[in-house]
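**Q** quick one: sequence and predicted model below, then my questions.
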Amino acid sequence: MNKRLIAKSMIALMLAANAPAFAQHNDRHDRRDDRREYRDDRRDDRRDHRDARRDDRRDHRDDRHARRGAGPRHDLYRGNRLPSNYNHRQYVVDNWRSHRLSAPPRGHHWVQVGNDYVLAAIATGVIASVLLGN
């Protein structure tokens, strides 16, 4: 009976001594899984953000084409360059008051493109504003 008690106590001691090792092993795996889940969540967030930006760009592009642009072909928009054939003095509106336009800021001038008016930078031709006629 004494041998049996000693054997049981030895088994109990061995199991008790190995219990923290099992717990530590599981903790390490739990932490690894937590880090992996965190990385996956961040990756999904980045993908969602990229998809949202892509959708916004598509929406903006669709809105831009749904709007009417200036000029005879309706293809002049804010931020684009004025075509080079409108760089001549005959298109520049010097009497902007009589056309009911605001004063152009320094470095800009009003250009009449068909029935529309475009405020463009003199040096670069970049369109700053578009006023559509009827």
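**A** It's in.
**Q** any idea how far residue 110 lies from residue 120?
**A** Distance check for residue 110 against residue 120: by CB to CB, to the nearest Å, it reads 8 Å. Bear in mind the C-beta positions are built from the backbone N, C-alpha and C, glycine included.
**Q** what about these two, which has more around it?
**A** Shown here are residue 110 and residue 120; by other CB atoms under 10 Å, residue 120 has more neighbours (27 against 21).
**Q** the strands in this protein, which residues?
**A** For the chain, strands defined by DSSP state E occupy the ranges 92-93, 108-113, 116-121, 127-131.
**Q** center of this structure, which residue is that?
**A** residue 53 (3.9 Å; CA atoms, centre = their mean).
**Q** next one: it from residue 38, what distance?
**A** Distance, residue 53 to residue 38, by CB to CB: 23 Å.
**Q** and for residue 80?
**A** 44 Å.
**Q** repeat for residue 95
**A** Residue 95 sits 65 Å away from residue 38, taking CB to CB as the criterion.
**Q** domain ranges for the protein, per the record?
**A** Split into domains by automatic domain parsing, the chain comes to 1-66, 84-131.
**Q** turn these into CSV, columns for mean pLDDT and distance to residue 76.
**A** Shown next, in CSV, are these (pLDDT from 0 to 100; distance: least, CB to CB, whole Å):
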stretch, mean pLDDT, distance to residue 76
domain 1-66, 72, 12
domain 84-131, 90, 6
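**Q** related to what we said a few turns ago, out of the strands of the chain, nearest to residue 46?
**A** Across the strands of the chain, residue 46 has its closest neighbour in strand 127-131 (34.6 Å, CB to CB).
**Q** that closest one to strand 116-121, inter-axis angle?
**A** Relative orientation of strand 127-131 versus strand 116-121 (axes from the mean of the first three to the mean of the last three CA atoms, to 10 degrees): 160 degrees.
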